[in-house]
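> sequence unknown, structure follows:
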DNA sequence: GCTAGATTTTTCCAACTGGTCAAAAATCTT
DNA sequence: AAGATTTTTGACCAGTTGGAAAAATCTAGC
């Protein structure tokens, strides 16, 4: 009995990934996004993902040997794109314009990538068990940096003096709400207002909120 | 073959619930809240809940014959208390005061009942499969009613004219964020600012946001 | 057209999960 | 204290799930 442990993972030379491999992996990740975002990590089954991806479970496991591997890959890739809009906020630009377009971009992401938003929200709800370090390091660093930018704008009297961190939180919260709580939003708005137009309404509203708050503009006449 | 189906549920006279029954049910619901809010419906197991509740699985099942029954009970009770603050918003009161205390109350709920908030958020994320009708009927009705109140205040020039529905959404989103995304908030704020004080900071910030937005107050001097 | 390596399918399994059931233990009633 | 009722437990089960093993098929280079 030769003690030759058969090498399960033929990572001998670590080939650079064939075309098929890349394609299949993408298919799987797309399917996984669909399923994970709808049911959460534990709620999703490999079988489901495999079915959506149009392949058998063992075949899927050939490309990603663990369920968690799929999830982790998905979510860490997501985090990068998810933070892109914030990264783009430019100290050199006009503060109001920058903030406004940041909000708009985030809202567009909620509209165009609701699955990503929900996946992320779910991970947070669960206490971010898979990306603890990423949020404690990368995310924190980015927010710290942008908070400084906001702070500088405040110092210059260009925007109101408030807490830059909570300002960022409130932008995240208000925009992602439209993806994460979509059912609720649609149910409350009803058939007539719950259509696609809701995002434009939201954009208008949020712009107003962040620009002026609820203080009435001096310009409406008397009442009654 | 006598067709006497033996009555599994001896609901003969529908006894009014003994003390023990009430107590145990409460214990179970409390444990279920803990577990469901942490892992979601599918992620939670009856065994886990039973363990937290300090009883055996079959014993727990004696009080709630189905897992879903526990969940449903929990979440429908929750919805009522969850909406209480909004219900309290009084048309007769001063608009700014009313809105401000609504925000404060919601934020307090995020601080004091984060598990409830997360349970609710999770249900929404999943598309609200257990409370579809409740949100489409009761919730909608309540929001419609309060939207009218807000609208009236706007008509009277007491608060700025904006979309009352999205205003409510933004209050929900910003306040619940501190419960649902707690990990993220704490990670970003870091050790020094992530302590209990974060809720006070949030309260101050949100008050500013909703009262004034980001428009700088005229009163800070010139700069540089 | 042959063969090494890559891919896919078939079969299988052990752990877990929601839930059942009968009997035992505890509690209540009289 | 006996009998009736409620509560608790231990053993069990069927379905699901993540994953392993191996056999079968395919593909590219020779």
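Looks like it came in fine. All figures in this text were calculated on a predicted structure; none of them were measured in a lab.

> so which bits of chain A are right by DNA strand C?
Counting by CB under 7 Å from any atom of the strand, chain A comes close to DNA strand C at A:10, A:15, A:18, A:20, A:21, A:24, A:55, A:56, A:57, A:58, A:59, A:62. (Each C-beta comes from the backbone N, C-alpha and C, glycine too.)

> give me the buried entries from these.
Taking 16 or more other CB atoms under 10 Å in any protein chain shown as the criterion, what is buried in those is A:24, A:55.

> mind picking the two most distant members of the residues of chain A next to DNA strand C?
Spatially, the most separated pair among the residues of chain A next to DNA strand C is A:15 and A:57, at 24.1 Å (CB to CB).

> can you list the domains in chain A?
A:18-65, A:75-212 (automatic domain parsing).

> in CSV: these, plus mean pLDDT and distance to residue B:110.
Formatted as CSV, the domains of chain A follow (pLDDT from 0 to 100; distance: least, CB to CB, whole Å):
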stretch, mean pLDDT, distance to residue B:110
domain A:18-65, 94, 21
domain A:75-212, 95, 11
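
> in a markdown table, list these along with distance to residue B:84.
Converted to a markdown table, the domains of chain A look like this (distance: least, CB to CB, whole Å):
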| stretch | distance to residue B:84 |
| --- | --- |
| domain A:18-65 | 28 |
| domain A:75-212 | 17 |
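
> wait, which of the ones you listed is closest to DNA strand D?
DNA strand D sits nearest to domain A:18-65 of all these, at 3.5 Å, using CB to the nearest atom of the strand.

> the longest helix along chain A vs helix B:19-43, what angle?
Criterion DSSP state H: the longest helix present in chain A is helix A:19-43. Helix A:19-43 runs at 170 degrees relative to helix B:19-43, counting by axes from the mean of the first three to the mean of the last three CA atoms, to 10 degrees.

> helix or strand: which one has residue A:101?
Residue A:101 belongs to helix A:95-112 when assigned by DSSP states H and E.

> packing partners for that helix?
Here helix A:95-112 is seen to pack against helix A:67-88, helix A:114-125, helix A:164-180, helix A:198-212 when contacts are counted using 3 or more CB pairs under 8 Å, 6 or more residues apart in numbering or on different chains; DSSP states H and E.

> kindly recompute the last result at 10 Å.
Here helix A:95-112 touches helix A:67-88, helix A:114-125, helix A:140-155, helix A:164-180, helix A:198-212, going by 3 or more CB pairs under 10 Å, 6 or more residues apart in numbering or on different chains; DSSP states H and E.

> so how far is the longest one off the chain centroid?
Meaning helix A:67-88. On the basis of CA atoms, centre = their mean, to the nearest Å, helix A:67-88 is displaced by 8 Å from the centre of the chain it belongs to.

> list the buried residues in it.
Result for helix A:67-88 [16+ other CB under 10 Å]: buried residues A:67, A:70, A:71, A:74, A:75, A:78, A:79, A:82, A:85, A:86.

> those residues into CSV, with extra columns for distance to residue B:98?
Formatted as CSV, those follow (distance: CB to CB, whole Å):
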residue, distance to residue B:98
A:67, 49
A:70, 48
A:71, 44
A:74, 43
A:75, 40
A:78, 39
A:79, 39
A:82, 35
A:85, 34
A:86, 33
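
> run through those residues and flag the ones next to chain B.
When contact is defined as CB under 10 Å from any CB of the partner chain, the buried residues of helix A:67-88 do not meet chain B at all.

> what does chain A have sitting close to DNA strand D?
Contact residues, chain A versus DNA strand D (CB under 7 Å from any atom of the strand): A:8, A:44, A:45, A:46, A:47, A:57, A:58, A:61, A:65, A:66, A:67, A:68.

> try 10 Å this time
Within reach of DNA strand D by CB under 10 Å from any atom of the strand, chain A has these residues: A:6, A:8, A:18-20, A:35, A:39, A:41-50, A:56-62, A:64-71.

> which outside residues touch stretch A:71-83?
Stretch A:71-83 has contacts (CB atoms under 10 Å, 6 or more residues apart in numbering or on different chains) with A:25, A:28-30, A:32-33, A:36-37, A:40-41, A:44, A:49, A:64, A:66, A:87, A:106, A:109, A:113, A:115-117, A:119-120, A:122-123, A:128, A:130-131, A:134-135, A:138-139, A:142-143, A:146, A:172, A:176.

> list only buried entries from the residues you listed.
Among those, those that count as buried by neighbour count (16+ other CB under 10 Å) are A:25, A:28-29, A:32-33, A:36-37, A:40-41, A:44, A:49, A:64, A:106, A:109, A:113, A:115-117, A:119-120, A:122-123, A:128, A:130-131, A:134-135, A:139, A:143, A:146, A:172, A:176.

> returning to what we had before: and the buried residues of helix A:67-88, which is closest to DNA strand C?
The nearest member of the buried residues of helix A:67-88 to DNA strand C, counting by CB to the nearest atom of the strand, is residue A:67 at 13.5 Å.

> how close does the spatially closest residue to that closest one that is not a sequence neighbour sit to DNA strand C?
Among residues not flanking residue A:67 along the chain, residue A:46 sits closest, at 5.5 Å (CB to CB, 6 or more residues apart in numbering or on different chains). In this view, residue A:46 and DNA strand C are 11 Å apart by CB to the nearest atom of the strand, to the nearest Å.

> residue A:46 reaches residue A:63, doesn't it?
No: applying CB atoms under 10 Å as the test, residue A:46 and residue A:63 come out as separate, 11.5 Å apart.

> need the residues touching each of those two.
Residues touching both residue A:46 and residue A:63 (CB under 10 Å, 6+ apart) are residue A:70.

> which ones are touching residue A:140?
Residues in contact with residue A:140 (CB under 10 Å, 6+ apart) are A:134, B:184, B:187, B:188, B:189, B:190.

> could I get those as TSV with distance to residue A:167 and secondary structure?
Output for the contacts of residue A:140, formatted as TSV (distance: CB to CB, whole Å; DSSP: H, G, I helix; E, B strand; the rest coil):
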residue	distance to residue A:167	secondary structure
A:134	22	helix
B:184	15	helix
B:187	17	helix
B:188	12	helix
B:189	13	helix
B:190	16	helix
